[in-house]
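> here you go, sequence then predicted model.
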Amino acid sequence: MSEVVEDESLLLAAARAGDEAAFAALWSTAQRQAFGVCYHLTGNRADALDALQETQLAAWKGLGSFAGRAPFRSWALAIARNAALAVIRRRSPGGVLFSEVEEDTAVTGPFEDTVVQMSDLSRALTVLPQSHREALLLWAGGLTYEQTAAALGVPLNTVRVWIHRARKRLQTELAES
């Protein structure tokens, strides 16, 4: 574990010095989960990709302000959340956080069950209150409860309650679908 932390600190130092390859290595640890956060918050691929691009750019530009108290991935996921919310605000003056999740009704092939399950999960996520959904997605994306609380700017116990309630509600929603 300390070797990973040491490698991350070396990569961070190199990236801060302008080494794009070092930043690419750091970014590769967060990109997939950042896209997941963006997708589940925005509800569609195009907006998620816009938010992901904004996340990557903000992370690159903000390296100097990254204190390194948490893993780079945690910091990047917090940026992804903020970028996704910004895309949503630009898209909708009322700030509606979910449009209908894009669905492909002509799904065929060996992954049909997985696609249906993902569609059910996306639909179930839409019934959660925004705060619960955000906490759950950050936590499921790999952040600890403490890191999730810091990213959302709320007390630790609040995050624990939100995640617990979100998981219970998801279980209920998925059992009914």
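It's in.
> domains in this protein, by residue range?
1-96, 107-177 (automatic domain parsing).
> worst mean pLDDT among those domains?
Of all the domains of the chain, mean pLDDT reaches its minimum on domain 107-177 (a mean of 79).
> what are the boundaries of the helices in the chain?
2-16, 20-28, 31-42, 45-61, 72-91, 112-125, 130-140, 145-152, 156-176 (DSSP state H).
> now mean neighbour count too, for these, in CSV please.
(Glycine included, C-beta is placed from N, CA and C.) Shown next, in CSV, are these (neighbours: other CB atoms under 10 Å):
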stretch, mean neighbour count
helix 2-16, 13
helix 20-28, 16
helix 31-42, 22
helix 45-61, 18
helix 72-91, 22
helix 112-125, 14
helix 130-140, 22
helix 145-152, 20
helix 156-176, 15
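> now Asp39. Nearest residue, chain neighbours left out?
Actually, residue 39 is Tyr rather than Asp. Ala48 (3.9 Å; CB to CB, 6 or more residues apart in numbering).
> is it true that the one you found touches Phe35?
Yes - with contact defined as CB atoms under 8 Å, Ala48 reaches Phe35; the gap is 6.1 Å.
> if we can go back for a sec, pull the contacting residues for the residue nearest to Tyr39.
Shown in contact with Ala48 (CB atoms under 8 Å, 6 or more residues apart in numbering): Phe35, Cys38, Tyr39, Leu41, Thr42, Ala84.
> ok, so of these, who is nearest Thr172?
The shortest approach to Thr172 among the contacts of Ala48 belongs to Leu41, at 21.5 Å (CB to CB).
> that closest one and Asp47: what is the separation?
Distance of Leu41 to Asp47, computed by CB to CB, to the nearest Å: 9 Å.
> can you check Ala135 too?
Separation of Ala135 from Asp47 (CB to CB) stands at 21 Å.
> surely Val159 is in contact with Thr148?
Yes - using CB under 8 Å, Val159 is in contact with Thr148, at 5.0 Å.
> contact partners for the most centrally placed residue in the chain?
For the chain, Val37 is the residue whose C-alpha lies nearest the centre (CA atoms, centre = their mean; 2.3 Å). The neighbours of Val37, taking CB under 8 Å, 6+ apart as the test, are Leu77, Ala80, Arg81, Ala84, Leu137, Leu138, Gly141.
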